[in-house]
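A.B. asks: Starting from these lines, generate the structure:
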Amino acid sequence: MIRLEDARRIIAAAEKKAQEIGQPMNIAVADEGGNLVSHVRMDGAWLGSIDISIKKAYTSRAFDIATKDLATHSQSGGQFFGIHASNDGKIMIFAGGIPLRKDGKVVGAIGVSGGSGEQDHAVAEAGATAY
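C.D. replies: As a prediction, this is how the structure comes out:
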């Protein structure tokens, strides 16, 4: 179970990484059901990335996979091509979503948006490591 205090700790670690790389980010944490627990928009982070970060967290939890990996499989000709059109448009296939695991079970996810895919994934990874 992802509690608010967990989400705040995860977000704080992700924010620290975003500051280190000099890229303001939107950071979202979702619970086991894919529901938003907490979100932060750092100063200067894009407004358009709010929705993307939340959907990355949802996507990562919905499929228990890093969105970076889902993106690889959802390209034209891939086994999950078109998956982004499912779930009423809530699926994001950009890097930056990572499942949060406890005792081998997925209990939530973090979603990050605001930089390049590589930056988003690195910031999400920093947050996930803090869980």
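
A.B. asks: Show me where the protein has its helices.
C.D. replies: 4-21, 48-63, 67-73, 117-129 (DSSP state H).

A.B. asks: which stretch in the ones you listed has the least confidence?
C.D. replies: Mean pLDDT values for the helices of the chain show the minimum at helix 67-73, a mean of 94.

A.B. asks: Not counting its own residues, what contacts that helix?
C.D. replies: 56, 59-60, 63, 78-80, 83, 92-98, 111, 117, 121 (C-beta atoms under 8 Å, 6 or more residues apart in numbering). All C-beta atoms are positioned from the backbone trio N, CA, C, and that covers glycine.

A.B. asks: Out of the helices of the chain, which one sits most buried?
C.D. replies: Greatest average neighbour count among the helices of the chain goes to helix 48-63 (a mean of 24), per mean count of other C-beta atoms under 10 Å.

A.B. asks: Mind giving me the packing neighbours of it?
C.D. replies: In terms of contacts (3 or more C-beta pairs under 8 Å, 6 or more residues apart in numbering; DSSP states H and E), helix 48-63 is packed against strand 26-30, strand 36-41, helix 67-73, strand 97-102, strand 105-113.

A.B. asks: For it, what is the distance to the chain centroid?
C.D. replies: Distance, stretch centre to chain centre, for helix 48-63: 5 Å (C-alpha atoms, centre = their mean, to the nearest Å).

A.B. asks: CA atoms only for it - export them in PDB, please.
C.D. replies: Output of helix 48-63 as PDB, limited to C-alpha atoms (Å, rounded to 0.1, in the frame of the first residue of the first chain):
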ATOM      1  CA  GLY A  48       1.200  20.100 -20.300                       C
ATOM      2  CA  SER A  49       3.300  17.500 -18.400                       C
ATOM      3  CA  ILE A  50       1.000  17.400 -15.400                       C
ATOM      4  CA  ASP A  51      -1.400  15.100 -17.200                       C
ATOM      5  CA  ILE A  52       1.400  13.100 -18.800                       C
ATOM      6  CA  SER A  53       3.100  12.400 -15.500                       C
ATOM      7  CA  ILE A  54      -0.200  11.200 -13.900                       C
ATOM      8  CA  LYS A  55      -0.900   9.000 -17.000                       C
ATOM      9  CA  LYS A  56       2.600   7.500 -16.900                       C
ATOM     10  CA  ALA A  57       2.100   6.400 -13.300                       C
ATOM     11  CA  TYR A  58      -1.300   4.900 -14.200                       C
ATOM     12  CA  THR A  59       0.100   3.100 -17.300                       C
ATOM     13  CA  SER A  60       3.000   1.700 -15.400                       C
ATOM     14  CA  ARG A  61       0.700   0.300 -12.700                       C
ATOM     15  CA  ALA A  62      -2.000  -0.800 -15.100                       C
ATOM     16  CA  PHE A  63       0.500  -3.000 -17.000                       C
END
